[in-house]
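Turn this into a model:
(one chain, ligands or ions: 1)
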Amino acid sequence: MSQPASAQRLSRVQQPVIPVMGELISQTPGTLSLGQGMVSWGPPDQVRSAAAAALADPGASLDRYGPVAGNPELRHALKQWLQKEHQLDLSCSELLITAGSNMAFNALVQVLCDPGDELILPVPYYFNHEMAIRLAGGIPIAVHAGVIPDPQQLAAAITPRTRAIVTISPNNPSGAVLPREVLEAINRLCADHGLLHISDEAYALFGYGSSAMWSPGSAAGSGAHTVTLGSLSKSHGMAGWRIGWAVVPPALMADLAKVQDTILIHPPHLNQRAALAALEAGGDWCRQRIATLLPRRQQVLKALQRANAPWQLACQPDGAFYALLQLQSSLSSDQAMERLIREHQVALVSCSSFGLESCWLRLSYGMLAEADLAEALKRLMGGLEQLALG
Ligand SMILES: Cc1ncc(COP(=O)(O)O)c(C=O)c1O
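Residues are numbered from 1 along each chain as shown. Here you go, the predicted model:
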């Protein structure tokens, strides 16, 4: 008897790399992870008390369906947050609250893509962007335009089927903070060609270097062709609470609501209560915690800046909590990830899933405290030296 089969397009969707790495780690007890992109802190205290209070209050309306785009209280607070902390111009934009910003991106590509429509992804891209586009029947156009993408190279990739250009700043996986003039040029390109500029700002508050983070959605009037994606996952240590958002041109809102209504109906009430409490803790709460990453970043940079090392950094990692390195080795990224875990008990993420060929690995310093980080880096240095040999 023939078996039910998945649709053909699923065969073109990559295997998510984080669970693959997680499985290798669970098979290798004692592994220290510089892999998954999470922070070590949890949410502000008031998040748990707000959630507990909502659970204890029979009048809290947790049990019934709510507004598709999110509850009015959270929408109001989030708009204020986006204006104050991210300087967004919301005068011609709408806000959709979702279960994490991955869901916002997914909803967006569902709305943008007819089969064969294209979205331009500068390499390295974020793997879930590429996956979501394929799931929607679209075509991700991976453009090798440099770690700081050259707008002219992106312009050369535009075709009649192009719907959007996606940027990520601060960047996953490179940690690069894209200069304002580059983002402005990409934003202009999108306006001129009738495209959307989708700016993924999951790490918006995470900057350490001299180049300040700039949001394309802060330019006056850019709301008509700009989408800003954001999330509480990193800044507030709330990855598991699944609250994110998209700031979108109003013209897309009715169709986005169709997708949201079909997939989620609305973000869970309890999590929205928690998110409201998280925003009330204020931006300084986040900045104080993000500042604790500074010495860890220094620790990583110091370890990696070794003379005659068989690896090199893609760029100065001035944002997020990543560093992207290329190892001189005949191994593939996937092989290097596996061997680092199995033979050296240290995990980095393979970057084939980010669209990079040859041996690229992403290091995340968001999770480990100083002593564990020192040990992980020691293992990594030894591991990389060995892998470089073959
Ligand atoms: C660039 C980028 N965008 C989006 C996400 C997903 O965030 P969320 O938890 O809000 O879905 C991540 C998570 O690692 C990310 O790195």
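
for the ligand, what are the nearby residues on the stretch 201-350 of the chain?
For the stretch 201-350 of the chain, the residues in contact with the ligand (CB under 6 Å from any ligand atom) are Ala202, Ser231, Ser233, Ala239, Gly244. Glycine gets a C-beta too; all of them are placed from N, C-alpha and C.

Does the second one touch Trp245 like I think?
Yes - in this structure, Ser231 is within contact of Trp245 by CB atoms under 8 Å, at 7.3 Å.

what residues are shared contacts of these two?
With CB atoms under 8 Å, 6 or more residues apart in numbering applied, the overlap between the contact sets of Ser231 and Trp245 consists of Ser101.

Mind checking which of the two has more residues around it?
Neighbour count, other CB atoms under 10 Å: between Ser231 and Trp245, Trp245 has more, with 28 against 25.

out of everything not next to it in sequence, what's closest to the more buried one?
Excluding the flanking residues, the one nearest Trp245 by CB to CB, 6 or more residues apart in numbering is Ile97, at 5.1 Å.

Now do the buried residues in the strand or helix carrying that neighbour.
Using DSSP states H and E, Ile97 falls within strand 94-98. Across strand 94-98, burial judged by 16 or more other CB atoms under 10 Å covers Glu94, Leu95, Leu96, Ile97, Thr98.

Against the ligand, how distant is the last one?
If I follow you right, that is Thr98. 8 Å (CB to the nearest ligand atom, to the nearest Å).

Compute the number of surrounding residues for the residue nearest to that residue when sequence neighbours are not counted.
Leaving aside its sequence neighbours, Thr98 sits nearest to Ala104 (CB to CB, 6+ apart; 4.3 Å). Ala104: 26 surrounding residues under other CB under 10 Å.

What helix or strand is Ala104 located in?
Ala104 belongs to helix 101-112 when assigned by DSSP H and E.

just how off-centre is that helix within its chain?
Helix 101-112 sits 13 Å away from the centroid of its parent chain (CA atoms, centre = their mean, to the nearest Å).

pLDDT (mean, whole number) over the next helix or strand along the chain from it?
Counting by DSSP H and E, the next helix or strand C-terminal to helix 101-112 is strand 118-122. Over the span of strand 118-122, the pLDDT mean works out to 98.

Residues contacting strand 118-122, please?
By CB under 8 Å, 6+ apart, strand 118-122 touches 109, 112-113, 129-130, 133, 138-143, 145-146, 149, 154, 157-159, 161-167, 198, 355.

same question for the longest helix seen in the chain, mean pLDDT?
Longest helix of the chain, by residue count under DSSP state H: helix 370-388. Here helix 370-388 scores 96 as its mean pLDDT.

Can you name the residues bridging to Leu119?
Counting by DSSP bridges, Leu119 forms beta bridges with Pro140, Ala164.

ok, it - how many residues close by?
Leu119 has 27 neighbours, counted by other CB under 10 Å.

roughly how far apart are it and Ile158?
In this view, Leu119 and Ile158 are 11 Å apart by CB to CB, to the nearest Å.

For the spatially most central residue of the chain, which residues are in contact?
Centroid-nearest residue in the chain, with CA atoms, centre = their mean: Ala202, separated by 5.1 Å. When contacts are counted by CB under 8 Å, 6+ apart, Ala202 touches Ser101, Ile168, Asn172, Leu229, Gly230, Ser231, Ser233, Lys234, Gly244.

between the residues you listed, which has the most around it?
Comparing the contacts of Ala202 by number of neighbours (other CB under 10 Å), Gly230 comes first, having 29 neighbours.

is it fair to say that residue lies in a strand?
Yes - Gly230: assigned to a strand according to DSSP: H, G, I helix; E, B strand; the rest coil.

Return the per-residue confidence for it.
So Gly230 comes in at 98 (pLDDT).

you'd agree it is up against Ala204?
Yes - counting by CB under 8 Å, Ala204 is a contact partner of Gly230 at 6.3 Å.

which residues do the two both contact?
With CB under 8 Å, 6+ apart, Gly230 and Ala204 have common neighbours His86.

you'd agree Trp81 is in a helix?
Yes - counting by three-state DSSP, Trp81 is found in a helix.

Spit out the contact partners of it.
Contacts of Trp81 (CB under 8 Å, 6+ apart): Leu279, Gly283.

How about Pro67, nearest residue that isn't a chain neighbour?
His266 (6.1 Å).

show me the contacts for that neighbour.
Tyr65, Gly66, Pro67, Val68, Ala69, Gly70, Asn71, Gln260.

Try it again at 7 Å.
Contacts for His266 (CB atoms under 7 Å, 6 or more residues apart in numbering) come out as Tyr65, Gly66, Pro67, Val68, Gly70.

I appreciate the help and will end here.
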